[in-house]
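A.B. asks: The following block contains a protein sequence and its predicted model.
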Amino acid sequence: MIRHDLTHWPLVLSAAQGSMSLKEQLDFLSDWTEWLDRGETFSTLRVFTDSEALKRPDGGAKEAKVWLQSNGDRIKQLVIGMATVVPPAAVEEMSRMNAEKLFGVPAQIFDDVNEATMWLASVSATVGMPVHMGNVLRSLTAMRAPS
């Protein structure tokens, strides 16, 4: 399951827990398309709460590749930075996938939400888009609570 919070726009918060179905991945790519369609610069803070959330569904890699090829230029143009938080055991493996090179924007992998938020705040501040850490952290806590 993946949840998004756009109340801090131009910062998109996403929290993922458990395995993702192909439909959920397609919905996620559709959400990204909508954000890019706004034509406004934004940043993302994605939190993967467990190792299952990091796995792609069967057929998902092909769909993601096609989507990225179609939207890569818009990502480079509109996304200020991407901070991704993963479980500590996954940091080394996820860091090998050079997100900064893949997406063409500042991107970092973290195992701590506070560090990720501070990094994203510094990246966003360079373009005059402040991130209010306390509000962001409260929102993330609410998103990760059981529904």
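C.D. replies: Perfect, thanks for sending it.

A.B. asks: in the one helix or strand residue 76 maps to, what's buried?
C.D. replies: According to DSSP states H and E, residue 76 maps onto helix 60-78. For helix 60-78, the neighbour count (16 or more other C-beta atoms under 10 Å) marks 60, 67, 71, 75, 78 as buried. In this view, the C-beta of every residue, glycine as well, is placed from N, C-alpha and C.

A.B. asks: for that helix, what is the average pLDDT?
C.D. replies: Average pLDDT, helix 60-78: 92.

A.B. asks: if we can go back for a sec, for the buried residues of helix 60-78, give me CSV that also has distance to residue 111.
C.D. replies: Converted to CSV, these look like this (distance: C-beta to C-beta, whole Å):
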residue, distance to residue 111
60, 24
67, 27
71, 28
75, 24
78, 27
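
A.B. asks: of those, closest to residue 102?
C.D. replies: residue 75 (9.5 Å; C-beta to C-beta).

A.B. asks: Show the contacting residues for the residue positioned nearest the centre of the chain.
C.D. replies: By C-alpha atoms, centre = their mean, the chain has its centre lying nearest to residue 46, at 3.4 Å. Residues near residue 46 by C-beta atoms under 8 Å, 6 or more residues apart in numbering: 14, 15, 16, 82, 83, 84, 85.

A.B. asks: about what we covered before: and the two most separated of the buried residues of helix 60-78?
C.D. replies: For these, the maximum inter-member distance is 23.3 Å, found between 60 and 78 (C-beta to C-beta).

A.B. asks: Where does residue 114 fall, secondary structure wise?
C.D. replies: helix 113-125.

A.B. asks: Export only the CA atoms of that helix, formatted as CSV.
C.D. replies: Provided in CSV are the C-alpha atoms of helix 113-125 (Å, rounded to 0.1, in the frame of the first residue of the first chain):
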residue,chain,number,x,y,z
VAL,A,113,13.4,10.3,8.1
ASN,A,114,14.9,13.2,10.0
GLU,A,115,18.1,13.1,8.0
ALA,A,116,16.2,12.8,4.7
THR,A,117,13.9,15.7,5.6
MET,A,118,16.9,17.9,6.6
TRP,A,119,18.7,17.1,3.3
LEU,A,120,15.5,17.8,1.3
ALA,A,121,15.0,21.1,3.2
SER,A,122,18.6,22.2,2.3
VAL,A,123,18.0,21.3,-1.4
SER,A,124,14.7,23.0,-1.5
ALA,A,125,16.0,26.1,0.2
